[in-house]
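> Need the 3D shape of this:
(one chain, ligands or ions: 1)
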Amino acid sequence: MNNDIALIRRAIRDIPNFPKPGIVFKDITRSQKIDAVLGIESRGFIIGSALAYKLGAGFCIVRKPGKLPYDTHRASYELEYGTDALEIHVDAMPANARVIIADDLIATGGTAAATAKLVSKLGGTVVECAFVIELSFLKGREKLKPHGVFSLLQYDSE
Ligand code: AMP
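Numbering: from 1, shown residues only. Here you go, the predicted model:
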């Protein structure tokens, strides 16, 4: 229920000073065209492909280094000990694509933030990052700003 309301709230945009100075107009006439969903290896492939099918969007895969056969872009991110990286095919999506990043879980947000960097390398726009589970106490959504984060289940502590 709370998630349904959050979804509706995000679809409404505020337009300040319309139709007169001092009025914030709540604009409900907003459509979100999604060109592609990006699934992060490996459980993001399950969530992301279902989401792409439901939205009628394309599906792109973001993989661990060395797994993709064609030319790639790479983005590194910090782990608790050391660094890791993710790769995407250079032609994974059309230029100016509007995309959703999908994974099973957001913890620190490093994985999704690296994926967002790959989207910008390809000239795309992240419309939202979507997860089944959010470990809210790790504040991963702050690492993803200014991108919006949607999660079905939130854990406030371990
Ligand atoms: P992070 O980059 O810290 O947000 O980590 C998110 C990625 O690591 C996702 O791809 C998750 O599948 C995985 N992950 C991190 N922590 C957990 C956890 N506690 N349980 C399950 N998966 C996790």
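> if you average pLDDT over stretch 64-80, what comes out?
Mean pLDDT, stretch 64-80: 95.
> Residues contacting stretch 138-154, please?
Residues outside stretch 138-154 that contact it (CB atoms under 8 Å, 6 or more residues apart in numbering): 3, 6-7, 10, 101, 106-110, 112-113, 116, 126-134, 136. For the C-beta atoms, the positions are set from N, CA and C on the backbone; glycine is no exception.
> Just the buried ones from these?
Neighbour-count burial (16 or more other CB atoms under 10 Å) applied to these gives 101, 106-110, 112-113, 116, 126-132, 134, 136.
> shaky segments in this structure?
Low-confidence segments of the chain (pLDDT under 70): 1.
> again, 80 this time
Within the chain, the ranges that satisfy pLDDT under 80 run 1-8, 11, 29-32, 80.
> before we move on, the earlier item: go back to the buried ones among the contacts of stretch 138-154 and keep what's next to the ligand.
106, 107, 108, 109, 110 (CB under 6 Å from any ligand atom).
> Locate the residue nearest to the spatial centre of the chain within the secondary structure: which element?
With distances taken as CA atoms, centre = their mean, residue 129 lies nearest the centre of the chain, 2.2 Å away. Under the criterion DSSP states H and E, the helix or strand holding residue 129 is strand 125-135.
> Alpha carbons only: can I get that strand in CSV?
Output of strand 125-135 as CSV, limited to C-alpha atoms (Å, rounded to 0.1, in the frame of the first residue of the first chain):
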residue,chain,number,x,y,z
THR,A,125,19.3,8.7,-18.8
VAL,A,126,18.5,6.8,-15.6
VAL,A,127,14.8,7.3,-14.9
GLU,A,128,14.8,5.1,-11.8
CYS,A,129,16.7,2.4,-9.9
ALA,A,130,14.4,-0.5,-8.9
PHE,A,131,15.1,-3.2,-6.3
VAL,A,132,13.1,-5.9,-4.5
ILE,A,133,15.0,-5.3,-1.2
GLU,A,134,16.6,-2.2,0.2
LEU,A,135,18.9,-2.4,3.2
